[in-house]
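Trainee: got a sequence here, can you build the structure:
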Amino acid sequence: MMDYLKEFPESIQAEIELERDRAGVEAASKKVRGVIPPAAQIERILSVFFASAKRAATVCTSVQQFNAVCEECLLGLTREADHNLVGEPYTFMYMEGSRPKITDAVREEMEASPLWKKYREIRNSFLEEKARPRAAQLVPRQVTSQDKQPTAKSRDDAEVFAERAARRQAVVNPILQQKRWKPGRLVTEAGVGKNSVYRYLDGTRVKITDKNREAIAQALDLTPEQLPD
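Mentor: Numbering: from 1, shown residues only. Purely as a prediction, here's the structure:
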């Protein structure tokens, strides 16, 4: 049994193991000269990963736990596939210091898969569900007004900003707390502009650049895809 499965009840562990066996048999059926091609290996990884993420969304109690379980699952499955490539002229992983990383080429192929799109849909639904109770409590800085009776448009904007802020803070704030960082420390560690972090967190910035997303995610020990839009 893979280590990440300890997060799940036994009934779900059994379901994921069944999917793992099924995907393994399917991948083995695509062998070429006794070797499972990389594309089939990646398809096998994502089949089990998607099954795990789908069930993680039903048992995880926080965004941080969900992200950790999914990342551990993806690394574990990829590491297992990589071990099967001994002697081959390609690899799925490499070491960055003491941390295993999935190669950019493999990560790109994974993210181009329809199964990855389904995973993102599950993840976004989970984030929205966890953020929803807090959305009404968050009032972004930029939507404050001197008007006592805000217009319908400003009320709509406030709700959009608040929901976006809640979704983002549900992921980022627990990590900041764990690291004992303030947002200003995240600015420093990521090497980005102050507004890139503060306006991202308060929901008033619709989108951050890919470069800043990557820098902020790296500072938080996340992948760029794990930062909510």
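Trainee: in space, what's closest to M93 - neighbours in sequence excluded?
Mentor: If the residues on either side of it in the chain are set aside, M93 comes closest to D82, at 4.8 Å by CB to CB, 6 or more residues apart in numbering. Every C-beta, even on glycine, is put in place using the N, C-alpha and C of the backbone.
Trainee: which residues does stretch 16-28 contact?
Mentor: 1, 5, 8, 36, 40-41, 43-44, 47-48, 51-52, 55 (CB atoms under 8 Å, 6 or more residues apart in numbering).
Trainee: could you tell me which of the residues you listed count as buried?
Mentor: Buried subset of the contacts of stretch 16-28 (neighbour count, 16 or more other CB atoms under 10 Å): 5, 8, 36, 40-41, 43-44, 47-48, 51-52, 55.
Trainee: show me where the chain has its helices.
Mentor: 10-28, 38-59, 63-83, 104-111, 114-135, 152-179, 183-190, 194-201, 210-219 (DSSP state H).
Trainee: let's have those helices in a markdown table, adding mean pLDDT.
Mentor: A markdown table is the format used below for those (pLDDT from 0 to 100):
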| stretch | mean pLDDT |
| --- | --- |
| helix 10-28 | 87 |
| helix 38-59 | 90 |
| helix 63-83 | 84 |
| helix 104-111 | 89 |
| helix 114-135 | 80 |
| helix 152-179 | 79 |
| helix 183-190 | 87 |
| helix 194-201 | 87 |
| helix 210-219 | 90 |
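Trainee: JSON lines for the ones you listed, including distance to M93?
Mentor: Formatted as JSON lines, these follow (distance: least, CB to CB, whole Å):
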{"stretch": "helix 10-28", "distance to M93": "17"}
{"stretch": "helix 38-59", "distance to M93": "11"}
{"stretch": "helix 63-83", "distance to M93": "5"}
{"stretch": "helix 104-111", "distance to M93": "8"}
{"stretch": "helix 114-135", "distance to M93": "17"}
{"stretch": "helix 152-179", "distance to M93": "24"}
{"stretch": "helix 183-190", "distance to M93": "25"}
{"stretch": "helix 194-201", "distance to M93": "30"}
{"stretch": "helix 210-219", "distance to M93": "18"}
